[in-house]
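Chemist: here are the coordinates; sequence isn't available:
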C-alpha cells in the first residue's frame with residue numbers, strides 16, 4: 001500500500017526536487033540572458049532565406065563598361081567583375097522572395113572615366129535567378145533578377161534599349 005502511494009506522489013516529489021535546485025540568476029547575469037534572448041529573437045524575426053546566384057552586367061551606355069560591382073543587401077561585401085557581358089558566378093546572396101524597398105549600391109567604371117556609384121531599387125521578381133545590372137547613359141542603373149538573358153524577348157529590359165525603364169518598382 002505504501003508502494004502505491006509513493007507511485008502516486010512520485011511526480012510531485014520530482015517536481016519539488018527540481019524546483020528546490022532552481023535559484024534566480026544574479027541581476028547582471030539575468031540582464032545578459034535577457035539581452036541574448038532579445039538578440040536571438042531579432043535574428044529569428046529578421047531572417048531572410050536567400051539563394052546564391054550569379055550576377056551579370058549589361059552595358060547600354062555609349063561608352064563601354066570596364067568594371068562593375070554590386071554590394072550585398074545585408075553586408076558591405078561587393079561582388080562584381082570586369083567588362084559587361086558574360087556571367088560572373090559570384091554567389092550573390094539574393095533573398096528568395098522580393099519585398100518592397102530592396103535597394104543595392106552599384107559601382108561601375110566606364111572606359112577612360114572614374115568609378116561611379118549609385119543606390120537603386122531591385123525590380124520586383126518572382127524568383128531569385130541571375131541578377132542583371134543594366135548600366136545606361138547619364139548614370140542610370142537598373143537591377144533585375146531574371147531567368148531570361150537580356151537578348152531574350154521575355155527579359156524585363158530589352159538588350160538594345162538606350163532608355164532605362166522608370167526606377168519605380170514594377171508591381
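Modeler: In hand now; what should we look at? Given the structure is predicted, the values throughout are model-derived calculations rather than measurements.
Chemist: So in terms of bridging, what pairs with the closest residue to residue 48 other than its chain neighbours?
Modeler: Nearest non-adjacent residue to residue 48, counting by CB to CB, 6 or more residues apart in numbering: residue 95, 4.8 Å away. Every residue, glycine included, has its C-beta placed from N, CA and C. Beta-bridge pairing for residue 95 (DSSP bridges): residue 50.
Chemist: how many neighbours does residue 95 have?
Modeler: 17 (other CB atoms under 10 Å).
Chemist: Tell me where this protein has helices.
Modeler: 2-21, 27-46 (DSSP state H).
Chemist: if you average pLDDT over each of those helices, which comes out lowest?
Modeler: Across the helices of the chain, helix 2-21 has the smallest mean pLDDT, namely a mean of 61.
Chemist: Now for the closest residue in space to residue 78 that isn't next to it in sequence: which residues touch it?
Modeler: The shortest distance from residue 78 to any non-neighbouring residue, by CB to CB, 6+ apart, is to residue 69 (4.3 Å). Counting by CB atoms under 8 Å, 6 or more residues apart in numbering, residue 69 touches 78, 79, 80, 81, 106, 107, 108.
Chemist: Could you rerun that using 10 Å?
Modeler: Residues in contact with residue 69, defined by CB atoms under 10 Å, 6 or more residues apart in numbering, are 55, 57, 77-81, 88, 90, 105-109, 115, 117, 133.
Chemist: Understood, closing this out.
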